[in-house]
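[1] Build me a model:
(chains A, B and C)
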Amino acid sequence: MNALAIAVDNAPWQRRWRRFRRNRTALSGLYVLVALIVFSLAAAPLEALLGIDANNADLLSRFDGRSATNWLGHDELGRDVLIRLMYGGQVSLGVGIAATLLGAVIGISIGLAAGYFGGNLDALLMRFTDGIIALPLLPLLIVLAAIDLTKLGFSADFARSSAASFYRIVLIIALIDWTRIARLVRASTLSIREREFVLAARVSGAGTVRILLRSVLPNVIAPIIVACSQVLGSVILFEAVLSFLGFGIAPPTPSWGNMLNNAQELVATAPMLAIYPGLLIFITVIAVNFIGDGLQDAFDPRAE
Amino acid sequence: MFFLRRLLGMAIVLLAMSFVVYGLIGLMPGDPIDLMVMSNPGITAADADRLRALYSLDEPLVTRYGHWLIAALQGDFGFSRVYAQPVLDIIGPALWQTTKLVALTLVISSILATALGILSALRPGGKIDTLVSFISFAGISLPSFWLALILILTFAVWLGWLPASGMGRPGEEGFLGNARFLILPVTTLVIANIGGVTRYARSALIETLRMDFIRTARAKGAREPRVVLRHGVPNALSSVITVIGMNFGTLFSGALITETMFAQRGLGKTIYDAILGNDYNLALVALLFATFATLIGNLLADLACAWLDPRISVI
Amino acid sequence: MTALLSVKDLTISFPVGRVNLFTGHRRAIHAVQDVSFDIASGETLALVGESGCGKTTAGRAIAGLYKAPKGAISFRGQDILDLPRASRRTVRRAIQMIFQDPFSSLDPRMTVSEILSDPLKVNGIGNAQEIRERVQDLIGQVGLPADTLNRHPHEFSGGQRQRIAIARALAPEPQIVVADEPLSALDVSVQSQVLNLLGALKRQRGLSYLFISHDLAAVHHIADRVAVMYLGRLVEIAGRDALFAAPRHPYTQGLLAAVPRIGHRRRRRSLIEGDLPGPLAIPSGCGFHPRCPLAKDICRRERPELKSHAGDRAHLAACHFAGEAL
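    Below is the predicted model of the structure:
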């Protein structure tokens, strides 16, 4: 009885995992993503191992080919391409995950508020969400990214630092990527709030915040996970294009997007410089999208 | 009623958008008076203050926005700092260029996506379905600026078949000659756009084919291709149009990327260049026109849907 | 005996449909209209009626689940609809609720121990040690073993779950428990066990119940008084024996006639015919007239008042002909 009880306890998650595992594309997506994370995190160790400094511009070795220590050759400033790709992966994946999570916090708050309180607040928030969805987001992101941080009272040093460009891009992408999460959380909250265990918590005297965090939120985790996995891919693409256009991660810090920055002019002379980062973005995003699709099927309530 | 509410909603979105962007522009690098002082060393600090007052830059944001809005509602959108022309003179041709790009993309990708969707919905889980699904995922996952780069590399640099950038000169090579300049941008945008629509078309069609009236048609003895083409497709098409309508914003974002990559003076590139060149009035107005065009696109898609689906009433 | 809980002219409406663009108002359905009753300390009042008659809505309003219903609800003479924020929780603690469906009223993600200790924590009752002891005490009182506490609700049967729900309702030491159809989701075999448990707890703790049910056999077993609702209004209220022996409202008579009883060879033919009218099309006059075998002209025109007829002053009925012999 006891062993059975424990087995039953995690049953929904085990069933979901089993369904996810059966989806071969989703599973290979997961493997690829894990491999990419390992690849990115190996940057510093590999750099030490090979005894090179990827940020060190060496104009004498511009566009030099591969060698024993520079496995993918040098870029237009003579820096090691492979190590920069690895560091760029940390930045691109980091921005992607951070902006998705921050967007999730915004989306969850708005979705919970709209779904739980309903009425005019719900109507207002959902109109706002629909409005954001309809907008041409890239030019809006460019406008947001072009803001001069010194005019907001930050020091000029901070405004120019690459840390600032990291936080800024995370923040502005989060400002627009929460919409899908908000809609899903709202829909789930609408169905949860009339469930009797939520009413029971209200009768027992629990306050609104406690009910939202303890009774509603845990029961909408599944759709949130699915939505996040689906948003992550587009967030990584937004980071890439903004950095590419010069409004994202500020050089010399590499991201897969800004490594393509100069690639357009150099595409005829050094095509591989243009191919590697884009290929990595493509592989990452397609892996993430496969995972998201697999999660959606695995978490589909109709399959439960 | 519905129509009026939509128009009202659009007006509110545009108003909110203009105010927010107007406010954000105040936070952009470079002050217009400073820029003038830089280009003309003869201007003293006192002159600068007088200029500030002349352009009412010393007034609070809301007042300045109010002035701008009143002028804009009377059709006066101001001048571009870089081009020294009324912004509308710049936006007009750019809007036309973007419309060509987006319209071509819409037509081609709708047809392709519907066809691919039908192919995969005929046998869900089959080989064709798997292939189409992979293509769709690839389309969604490709960074479109990189795709443009690869296309330039392949067709312009290596093969030399197509121009890498620009948009030809009017009248010089005729319409067909100029159309060559659109091939790569439209291809990029179609590939970037088609994945999402195909997936939507597929699931809408599968959903439709499960409905009772389709079973009835089958039971009557209609053959499968006929069932799909006659009954399934028109029903799925309205869903496809809905998703295309919702995607207008995304499509415009894509247009900004391709126009920038292929150096075509469309609305997207105009916004991008204007922000890079501190030409903020142009950026603001161009962004508002882009938003307006996007909202109109949404509305047209809804109208088309209502026209296709008698259950939805618009008026 | 002074009333522990007093409900006066309780009216609850829900807006339906769209806002009217001219008036800014929405149409409303009145789920509960002008309902008044008292419950004394230690008394069980049963609220009966068909589904959709508003009895659950009334119960939920008393448990505080609706914002600002019209009318008045007072507990020990204190108006509880208009409490200052600070004292709301302490007063509200005294009224707890048991829900109809024990499969949805227990949070699937919590253990039983969490479910039972939550109301204690929320109300600031006791430290960690005291809460643990009380939770063990509670689970014993509803007749479940202590090892129940570490498990999740889905490991239990309906009857066991309803016992857990009862323990949760008892946790904040209430004086009144609103029991909303607590038996209807259970197997017949466990209904009587849960009913006996409710009876035993009432005796031990001196509880009052508002027992909402359409099961007249259970009502006869547990209730001291019975109130009958039809289309959102009270149509009859009386002591249990008086109501079961001599119902005055034709609707009550019909309800009682429809109950199958052991010993009677055949179910008597139902006196009520036709369907319940929709909530947006409530009939004029007496709401029951379209289905009433006694309906006369006056029933279509005038709504009968809820008042006592002949003799028993605690027996109220809302029928123009309640005074006449049937």
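[2] On the three-state scheme, residue 121 is what?
    Went with chain A since none was named. Per DSSP: H, G, I helix; E, B strand; the rest coil, the secondary structure class of A:Leu121 is helix.
[3] Next, the contact list for it, please.
    Counting by C-beta atoms under 8 Å, 6 or more residues apart in numbering or on different chains, A:Leu121 makes contact with A:Ala113, A:Ala114. Just so you know, the C-beta spots here come from the backbone N, C-alpha and C atoms, and that holds for glycine as well.
[4] Those residues of the stretch 51-200 of chain B touching chain A, which are they?
    Residues of the stretch 51-200 of chain B lying close to chain A by C-beta under 8 Å from any C-beta of the partner chain are B:137-138, B:140-147, B:149-150, B:152-153, B:157.
[5] and chain C, which of the residues you listed reach it?
    Taking C-beta under 8 Å from any C-beta as the test, chain C is in contact with none of these.
[6] out of these, which are buried?
    Listed as buried from those are B:137-138, B:140-147, B:149-150, B:152-153; burial here means 16 or more other C-beta atoms under 10 Å in any protein chain shown.
[7] who's in contact with A:Ser40?
    By C-beta under 8 Å, 6+ apart, A:Ser40 lies in contact with A:Met86, A:Tyr87, A:Gly88, A:Gly89, A:Gln90, A:Leu93.
[8] The fourth one against A:Leu36, yeah?
    To tie it back to what came earlier, the one meant is A:Gly89. Yes: the pair A:Gly89 / A:Leu36 is scored as a contact, 6.3 Å apart, by C-beta atoms under 8 Å.
[9] shared neighbours of the two, anything?
    Counting by C-beta under 8 Å, 6+ apart, the common neighbours of A:Gly89 and A:Leu36 are A:Leu280, A:Thr284.
[10] Comparing these two, which shows the higher neighbour count?
    Applying other C-beta atoms under 10 Å in any protein chain shown to A:Gly89 and A:Leu36 shows that A:Gly89 carries more neighbours, namely 25 against 19.
[11] Which strand or helix spans that one?
    Per DSSP states H and E, A:Gly89 falls inside helix A:81-117.
[12] Now do that helix: which elements does it pack against?
    When contacts are defined as 3 or more C-beta pairs under 8 Å, 6 or more residues apart in numbering or on different chains; DSSP states H and E, helix A:81-117 packs onto helix A:24-41, helix A:43-50, helix A:119-134, helix A:162-177, helix A:179-193, helix A:221-244, helix A:271-298.
[13] Select from those the stretch with the lowest mean pLDDT.
    Lowest mean pLDDT of the helices and strands packed on helix A:81-117: helix A:43-50, a mean of 78.
[14] ok, and what's touching that one?
    Contacts of helix A:43-50 (C-beta under 8 Å, 6+ apart): A:Asp53, A:Ala54, A:Thr69, A:Asn70, A:Leu82, A:Ile83, A:Met86, A:Tyr87, A:Gly89, A:Gln90.
[15] so where does C:Gln162 fall, helix or strand?
    helix C:158-170.
[16] Quick one: distance of the very next helix or strand once past that helix to the chain centre.
    Remark: after helix C:158-170, the chain's next helix or strand is strand C:176-180, criterion DSSP H and E. Distance of strand C:176-180 from its chain centroid, counting by C-alpha atoms, centre = their mean, to the nearest Å, is 6 Å.
[17] repeat for stretch B:183-199
    On C-alpha atoms, centre = their mean, the centre of stretch B:183-199 falls 12 Å from the chain's centre.
[18] For residue 288, grab the count of nearby residues.
    Picked chain A for this. The burial count assigned to A:Val288 is 27, neighbours taken as other C-beta under 10 Å.
[19] let's do chain C instead
    24.
[20] For it, give me its contacts.
    C:Phe288 is in contact with C:Tyr230, C:Leu231, C:Val235, C:His249, C:Pro250, C:Tyr251, C:Ala295, C:Cys299, counting by C-beta under 8 Å, 6+ apart.
[21] Let me know the pLDDT of it.
    88.
[22] Likewise for C:Val135?
    At C:Val135, the predicted lDDT confidence score is 93.
[23] who touches the residue most central in space within chain A in this structure?
    To find the centre residue of chain A, average its C-alpha atoms and take the closest one (C-alpha atoms, centre = their mean): that gives A:Gly96, at 2.7 Å. Counting by C-beta under 8 Å, 6+ apart, A:Gly96 makes contact with A:Leu232, A:Val235, A:Ile236, A:Glu239.
[24] Nearest to chain B among those?
    Chain B has its nearest neighbour among the contacts of A:Gly96 in A:Ile236, at 8.7 Å by C-beta to the nearest C-beta.
[25] Now do the strands in the stretch 1-150 of chain C.
    Along the stretch 1-150 of chain C, counting by DSSP state E, counting those that start in this stretch, strands occupy C:3-16, C:27-40, C:44-48, C:70-75, C:78-79, C:95-98.
[26] my guess is C:Gly159 meets C:Leu195, correct?
    No: the criterion here is C-beta under 8 Å, and C:Gly159 misses it with C:Leu195 at 10.9 Å.
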